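# please find the sequence and the predicted model below.
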Number of protein chains: 2
Amino acid sequence: MAGRESESAHAASGEALTYPFRGEHQAGIVTPAQDRLHFAAFDVTTRSRAQLIALLKAWTEAADRMTRGRPAGEIGPVEGAANLPPDDTGEAIGLSPSGLTITFGFGPTLFRDAGGKDRFGLADRQPAALEPLPHFPGDNLDEMRSHGDLCVQACANDPQVAVHAIRNLARIGFGTVAVRWSQLGFGRTSTTSTSQSTPRNLFGFKDGTANVKAEETDELAEHVWVASSDDARAGWMAGGSYLVARRVNMTIEVWDRQPLGDQESFVGRTKDTGAPLSGGGELSEPDFSMPGHDGPVIPKDSHVSVVHPDHNDGVRILRRGYNFVDGTDQLGGLNAGLFFLAYLRDPRTHFIPMQLRMAKMDALMEYLKFTGSALFAVPPGAGDGEYVGQALFA
Amino acid sequence: MAGRESESAHAASGEALTYPFRGEHQAGIVTPAQDRLHFAAFDVTTRSRAQLIALLKAWTEAADRMTRGRPAGEIGPVEGAANLPPDDTGEAIGLSPSGLTITFGFGPTLFRDAGGKDRFGLADRQPAALEPLPHFPGDNLDEMRSHGDLCVQACANDPQVAVHAIRNLARIGFGTVAVRWSQLGFGRTSTTSTSQSTPRNLFGFKDGTANVKAEETDELAEHVWVASSDDARAGWMAGGSYLVARRVNMTIEVWDRQPLGDQESFVGRTKDTGAPLSGGGELSEPDFSMPGHDGPVIPKDSHVSVVHPDHNDGVRILRRGYNFVDGTDQLGGLNAGLFFLAYLRDPRTHFIPMQLRMAKMDALMEYLKFTGSALFAVPPGAGDGEYVGQALFA
């Protein structure tokens, strides 16, 4: 792809960034969250284990290439024979790598189908943590925005680079997988490194202040990365993580008519600086015992209180969500909200209890509608010469 | 909005750009095309002419503020009383103006309803050019992605800035208008200034090479801006333009399986440099008479031939389209394509004949599905103290 670096139409700081695809962990988890997302879930349409493995090998090679700013295939979008389809679709010609990361995951249905049947000889290696999430109060899920055998998260600072990655992986998978659903996110809502400032979600509040960050090595080991001792039958997940993906519509038109003070009470932080209502700055620890006019100054049903580690057995998660707007709903409102992505060591301890607590008592729930949901096991990174998830098939 | 400039989470070259909202023409037409789009069409829900005028005044003031990087309202997202809803939604706090432009238009249905009834006393000023577009062969329109009484095009180099603009205008219009449809675009597909490089559409080809550009003053006067003599009953449109908005789905999975040579024949240009198949560079004029193996080297049904001014009575248009991906269609393909936006002096001479010609003979039509369509009259720019479209109501 000659000239990919030289003639960028989207020159901007950070676009020449590259992150290595291979390593101990997959990139795109603790990598400083890029600005844009294209996420896709796939159904596997073949019954052949060999074809599935061949796909993972091909995806690994293509991802390794694309994250370096190279074409998806060896030949490239315009260098091949005129009588053959190009092995890259070409819309990223002239764009720089833009910090692209590509992260792969395996859904519960890759291991067993709805009837419990072992699809690819993997059932005895299915992690105990990888069971479909339960129905939560407030869930109003669209099945065609939920679940999936495989997932691919593509993050980049240029959306066209992220879209190009997903599209080419789908192209490579033609005949083996079909896109089940996909989601674009235009604005990151989390901070995965202390080097980043905290962005705002579509409620207008800073989001992700208390996130686990790349620099917190001990916390990552405790809350994000799977250890080899976690699950005897799923040793292949050591160094991996579990990914919860939830499409959360916000009723933003209703939200926008709430008084500022009420919005701040629902969140438990000020809208301006993001400081907890108990005072200090954005990074100050909330004081849940400080009295207010009527109960604690940070209400018990505020979001910050409901999800705080102190009220959730000390668990923390690594959020990596994005704002989305997908046109308009049937009531003349924007179909908009948060595409919640979180990496965590075990959904049974680190997500399900917190989500149940939120559904039961979080004041924000009145302004949220959960329209998509999925859980994936994200294997560790591929080393040199390996394909992603190789240990699962070994 | 203290600190809006200082703490940008999306620092990138070009984000500090501002374009004046007021002027002879509306901004967002010949303005160098920004990278991101949020476009919305609205239905007017009031019957009151006074309320419609009040809305246009409020929108003008809010647009003037937001394009300067200020909040939508005078008070701002966090400075107001705790017992009142903020007059700005806050998600753009900390973001720079990002070259935001906001462009307003009026649909045919603002003048007359489906039964021909004059809605706001404007019927006798409806331009003759502003009639609903005819049905074109290949149209498979979703009514809820088509038409609209009003439109707002928000373009910016940060998508969150564009989304913030549309969302706040919708908020301001609550009770007077409802969003009918909206569309995000992530990658510009056109070049409206000679200072810009040519981007690529989702076919992987450079798009917009032969666009009318800001520097071509005479061509703009001939092909884009409405002259005061164009329509005696619509003198208020002088200095304005007509906007055609068409949502064009591409069957990209099918496209990606076409040989490179076929793709180039369909487009009439090389995929690499964008040069016409008759030779030269991207900006070389195509030679439609140059012979090839089997007919002219640029096929008669190639896109570049079908839409070229030489074959369309010399007309040119100013395209300002964007790539979009809206999740997945029901067949496991990406719901993706081009959101075509074009500004032109008169749709009867500058669009309808060309679209009919395309529908009839363009080789690309096999890979296109038109899923949305709308036409708007875009009035001239508002001067100091004026509101947008004021001359229509004078």
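Structure received.
# contact partners for the closest residue to chain B within the stretch 201-350 of chain A?
Going by CB to the nearest CB, chain B is nearest to residue A:204 of the stretch 201-350 of chain A, at 2.5 Å. In short, each C-beta sits where N, CA and C put it, glycine included. Residue A:204 makes contact with A:263, A:271, B:77, B:86, B:89, B:90, B:91, B:93, according to CB atoms under 8 Å, 6 or more residues apart in numbering or on different chains.
# could you say which helix or strand holds it?
Assessed by DSSP states H and E, residue A:204 sits outside every helix and strand.
# and the pLDDT at it?
pLDDT, residue A:204: 97.
# among the contacts of residue A:204, which ones are buried?
Buried by 16 or more other CB atoms under 10 Å in any protein chain shown: A:263, A:271, B:77, B:86, B:89, B:90, B:91, B:93, out of those.
# please give me every residue in contact with the third one.
Residue B:77 sits next to A:204, A:271, B:1, B:71, B:86, B:87, B:88, B:89, B:90, B:93 when contact means CB under 8 Å, 6+ apart.
# one more: the fifth one?
Contacts for residue B:89 were tallied using CB under 8 Å, 6+ apart; they are A:202, A:204, A:252, A:256, B:72, B:77, B:164, B:167, B:168, B:171.
# mind showing which ranges of chain A have poor pLDDT?
In the predicted model of chain A, residues A:1-15 satisfy pLDDT under 70.
# what segments of the stretch 101-250 of chain A are helices?
Assigned by DSSP state H, counting those that start in this stretch, the helices in the stretch 101-250 of chain A fall at A:159-172, A:217-223.
# give the buried residues for the last one.
Of the residues in helix A:217-223, those with enough neighbours to count as buried (16+ other CB under 10 Å) are A:220, A:223.
# what of stretch A:260-279?
For stretch A:260-279, a neighbour-count test (16+ other CB under 10 Å) marks A:260, A:263-278 as buried.
# next, the distance between the ends of it.
End-to-end distance of stretch A:260-279: 17 Å, with CA to CA, to the nearest Å as the criterion.
# that one close to chain B?
Yes - judged by CB under 8 Å from any CB of the partner chain, stretch A:260-279 and chain B are in contact via A:260, A:261, A:263, A:264, A:270, A:271, A:272.
# reformat the contacts of residue B:77 as TSV; add distance to residue B:23.
Below are the contacts of residue B:77 laid out as TSV (distance: CB to CB, whole Å):
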residue	distance to residue B:23
A:204	30
A:271	34
B:1	24
B:71	22
B:86	29
B:87	25
B:88	24
B:89	27
B:90	29
B:93	28
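# which among those residues gets closest to residue A:193?
The shortest approach to residue A:193 among the contacts of residue B:77 belongs to residue B:93, at 21.0 Å (CB to CB).
# is it correct that the closest one is in contact with residue B:79?
No - assessed by CB atoms under 8 Å, residue B:93 is found out of contact with residue B:79, at 10.9 Å.
# what segments of the stretch 201-350 of chain A are strands?
Counting by DSSP state E, counting those that start in this stretch, the stretch 201-350 of chain A has strands at residues A:241-250, A:318-319, A:322-328, A:334-344.
# make JSON lines out of those strands and add distance to chain B.
As requested, the strands of the stretch 201-350 of chain A are exported to JSON lines (distance: least, CB to the nearest CB, whole Å):
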{"stretch": "strand A:241-250", "distance to chain B": "10"}
{"stretch": "strand A:318-319", "distance to chain B": "15"}
{"stretch": "strand A:322-328", "distance to chain B": "5"}
{"stretch": "strand A:334-344", "distance to chain B": "6"}
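# fine, thanks again, bye for now.
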